[in-house]
Structures are given as structure tokens and as C-alpha cells.
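Colleague: Return a 3D structure for these sequence lines:
(chains A and B)
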Amino acid sequence: MISTPAQVHVTRKARFSAAHRYHNPAWSAEKNREVFGPCNNPFGHGHNYEVEVTVVGSVDPATGMVINLREIDKILQEEVISRMDHRHLNEELPEWRHRVPTTENLAIAIWERIAPRLLGGYSRLFRVRICESPDLYAEYFGEETP
Amino acid sequence: MKVVYLTRTYRFNAGHRLFDPGRDEAWNREVFGKCSLPGGHGHNYTLEVTVRGSPDPETGQILKLEALDAAVAAVVHDRIDHRNLNEVLSKTHGPAPTTEVLILELWPLLDRLIPAPVSLHRLIVAETTKNTFEYHGPAPCQETPGFVSMPPGTRAQ
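Modeller: Numbering: from 1, shown residues only, chains lettered A, B, ... in the order given. The predicted structure follows:
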């Protein structure tokens, strides 16, 4: 008889503060202003971001863990916090020179950086949720449509 | 196209009395308890609206937040906020304005105001910090693909 290992979701949160500006360099100043409103103000603005990483997997019988949280912390520190915390995303990170750092795009970008490192023997990345404020968040599950 | 879910939280207040006028006082008191007391009462509700779509390559956004705010304003703030739910809700989903009835009534009203190709994915209404109600819409399976658990016996390599 094949046993079905129970799947458990584990979520770890981290916080960082960063500045950004919604601006599409291919557009006129007027169009940027019209589409993005105050998010287009020339010097940018900032948020206290909260990022939640959820990993799903079966429980390793040796440790009782789906994943060692220290491992998530290390990956988040290296891929997210050390790169983004107290930075101006548009000005300081090359990936945002030609891509608007919206909450939606941040969810995808964080997924793409951490998902390959979270493919463990028992677990995989399930969800990245990024909260720009307590009232607004975006989630990415690695989902793609043709 | 990568699919992202965006969730925005709104707040409103409303009064209600959980009471089925087709039944007697004793039945209502038995089923609804103090929520059926004759003068009614009210709550500070929170509404989380989740929409599903792909970021526009030019804006990085799945929709303009103003469009979502306008939809919620037209449905919730203009018709429900600071109102008595016994008066403003239809009886389509039940005689008493429970939060279940409220969330079922909100879905089609909001759904038709979300601009395509973005779609309404989920509503969460919290009546108090202890009671939360969630609806994923009438389609048979609108489950987020990511929510499907890994097939039995499989493990990521």
C-alpha cells in the first residue's frame, strides 16, 4: 500500500523598506502622470513592505520539519533583504530600470529569485505574498497561462 | 502570461438583525440568539477583494486600483455602507442578512464591474475579528492552481 505523505504549508515573513517610482520611460511625462498619479512623483516614494514566503511539502521524519526556517531566512536575506532594504528600487537595482516596480511585478520577481533555491527534497515554494501596506497585497503562485 | 492575484482591503459599517420574518420570535431567538434582538445591531465590516490577472507589460499592473476602488464604491459604499442590511439586501440568498447572505449578494454586483480581462477571484468579509466568511464565486472550481496540493506520494526533486 502506498502511503500519502501529509502536505504542510509553512509561511515565513520578512520586512524591508524601499523606495520606488511608477514610471514607464517609453511614455511622455503627461501619460505617466495620467496613468500612475502620485506614484509617478519624480523622486519616488517608499513603503514598509512585508514579504511572506510559503513553502509546501511533506514533513521530514528526521527533523519534523518541512523546511528549516533558517534556510528560508538565509535565502530571503540574500535574495531580497540585502538587495532591496533601504534602497531605491528603480535607481539601484538593474532589473527595475526597464520594468515598473509595482506590487504585482515585485511578487513575480521575488518568486523568480527564490523559487530555484527552495526546491528541496521535501518541499517547494508555494506562494510569494508581498504587502505594500496593510490594505494591499499581491500574490504569485508561479502560475502561467499560455 | 504570469498570473498574479491582487488583494485590496476595504471597510464599511452596517446594521442588521438576524431575523426571518416568516418564522416566530421563539424560532428566531433559538436559531439566531442575541443577533435576533428586536432593535438590531451593527458591525464594522472589512471586505477583502482579490482579483486575478496578468500585469500589463507597460504598467506592471493588472488593473488600475482606481477601477477596483470605483467598483467597490459603487456597490458597497453607495448601497451598503451605513445602511441597514435588512432593508438593502434582496432576499435572494436568505431571509436573514447573515454575512453568508451578504457575501453571496456582493459577488455578482462586484463581478460585473471588474474590467476584463481581470476577473474577480475571491471575497472575504469579516464581520468581527472573530468571524470571517470567504467566497470564491459560483464557478464549479475556481481554485487557485497553486492551492492544489502536490499529488500523493510526489516530492519536489
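
Colleague: hey, let's count contacts and neighbours off CA atoms from now on
Modeller: Noted.

Colleague: Chain B contacts on chain A?
Modeller: With CA under 8 Å from any CA of the partner chain as the criterion, chain A meets chain B at residues A:2-5, A:7, A:22, A:24, A:57-58, A:99-105, A:107-108, A:119-124, A:126-127, A:135-146.

Colleague: just the buried members of those residues?
Modeller: Buried members of the residues of chain A next to chain B, counted by 16 or more other CA atoms under 10 Å in any protein chain shown: A:5, A:7, A:22, A:24, A:57-58, A:99-105, A:107-108, A:122-124, A:126-127, A:136-142.

Colleague: Downstream of the longest helix seen in chain A, the next helix or strand is which one?
Modeller: Counting by DSSP state H, the longest helix found in chain A is helix A:103-114. Per DSSP states H and E, the first helix or strand lying C-terminal to helix A:103-114 is strand A:123-133.

Colleague: Restrict the following helix or strand past that following strand to CA atoms and write it as CSV.
Modeller: Next helix or strand after strand A:123-133 toward the C-terminus (DSSP H and E): strand A:136-144. Provided in CSV are the C-alpha atoms of strand A:136-144 (Å, rounded to 0.1, in the frame of the first residue of the first chain):
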residue,chain,number,x,y,z
LEU,A,136,-2.9,46.0,-0.4
TYR,A,137,-1.0,42.9,-1.3
ALA,A,138,-0.1,40.8,-4.4
GLU,A,139,0.4,37.1,-4.6
TYR,A,140,2.2,34.9,-7.1
PHE,A,141,1.9,31.1,-7.2
GLY,A,142,4.2,30.6,-10.2
GLU,A,143,1.1,30.3,-12.4
GLU,A,144,1.3,31.0,-16.1
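
Colleague: what does strand A:136-144 contact?
Modeller: With CA atoms under 8 Å, 6 or more residues apart in numbering or on different chains as the test, strand A:136-144 has contacts from A:103-104, A:107-108, A:111, A:126-131, B:1-9, B:145-146.

Colleague: the inter-axis angle of that strand versus helix A:103-114?
Modeller: Orientation check (axes from the mean of the first three to the mean of the last three CA atoms, to 10 degrees): strand A:136-144 against helix A:103-114 gives 50 degrees.

Colleague: Show the average pLDDT along strand A:136-144.
Modeller: Taken as a whole, strand A:136-144 has a mean pLDDT of 97.

Colleague: what angle do that strand and strand A:123-133 make?
Modeller: Going by the same axes, to 10 degrees, strand A:136-144 makes 150 degrees with strand A:123-133.

Colleague: neighbours around B:T59, how many?
Modeller: Using other CA atoms under 10 Å in any protein chain shown, B:T59 has 20 other residues around it.

Colleague: Distance check, the closest residue to it other than its chain neighbours against A:W27.
Modeller: Leaving out its chain neighbours, the residue that sits closest to B:T59 by CA to CA, 6 or more residues apart in numbering or on different chains is A:V100, at 6.4 Å. A:V100 sits 12 Å away from A:W27, taking CA to CA, to the nearest Å as the criterion.

Colleague: any weak-confidence spans in the chain?
Modeller: Since no chain was named, I'll use chain A. Across chain A, the ranges flagged by pLDDT under 70 are A:1-4.

Colleague: could you do chain B instead?
Modeller: B:140-157.

Colleague: Show me the strands in it, by range?
Modeller: Under the criterion DSSP state E, strands of chain B are mapped to B:2-16, B:41-53, B:83-84, B:119-126, B:132-135.

Colleague: who wins for proximity to chain A among the ones you listed?
Modeller: Nearest to chain A among these is strand B:2-16; the distance by CA to the nearest CA comes to 4.3 Å.

Colleague: partner strands of that closest one, parallel or antiparallel?
Modeller: If you go by DSSP bridges, strand B:2-16 pairs up with strand A:136-144 (antiparallel), strand B:41-53 (antiparallel), strand B:83-84 (parallel).

Colleague: What's the biggest helix in chain B, counting residues?
Modeller: Looking across chain B with DSSP H, the single longest helix is helix B:99-111.

Colleague: Counting by contacts, list what that helix packs against.
Modeller: Applying 3 or more CA pairs under 8 Å, 6 or more residues apart in numbering or on different chains; DSSP states H and E, one finds that helix B:99-111 contacts strand B:119-126, strand B:132-135.

Colleague: Go again with 10 Å.
Modeller: Secondary-structure packing of helix B:99-111 (3 or more CA pairs under 10 Å, 6 or more residues apart in numbering or on different chains; DSSP states H and E): strand B:41-53, helix B:65-72, strand B:119-126, strand B:132-135.
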